[in-house]
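Visitor: Okay, predicted coordinates and the sequence, questions at the end:
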Amino acid sequence: MLSGMIWVVCEGLVLSFGILLLDTSQLVDFAHKLRKLRLI
């Protein structure tokens, strides 16, 4: 339960920083990589 909440918070931070720092296409690619990591 707690680890899931931490993941959501980390994803939110990464995405908000990513929007500032990265191209949209790069952000989408990064989000897919992040999802693959969660599935492993």
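Guide: Good, I have the coordinates.
Visitor: Nearest residue to the residue nearest to the spatial centre of the chain in space, ignoring adjacent ones along the chain?
Guide: For the chain, Glu11 is the residue whose C-alpha lies nearest the centre (CA atoms, centre = their mean; 3.9 Å). Among residues not flanking Glu11 along the chain, Leu34 sits closest, at 6.7 Å (CB to CB, 6 or more residues apart in numbering). Every residue, glycine included, has its C-beta placed from N, CA and C.
Visitor: So that neighbour versus Ile19, what's the distance?
Guide: From Leu34 across to Ile19, the span is 14 Å (CB to CB, to the nearest Å).
Visitor: Settle it for me: which of the two has more neighbours?
Guide: Ranked by neighbour count (other CB atoms under 10 Å), Leu34 and Ile19 place Leu34 first, with 15 against 11.
Visitor: Might one say that that one is in contact with Gly18?
Guide: No. Counting by CB atoms under 8 Å, Leu34 stays clear of Gly18, with 9.7 Å between them.
Visitor: average pLDDT across stretch 24-35?
Guide: Stretch 24-35 shows a mean pLDDT of 81.
Visitor: What residues sit buried inside that stretch?
Guide: Leu27 (16 or more other CB atoms under 10 Å).
Visitor: all strands for this protein, in order.
Guide: Read by DSSP state E, the chain holds no strands at all.
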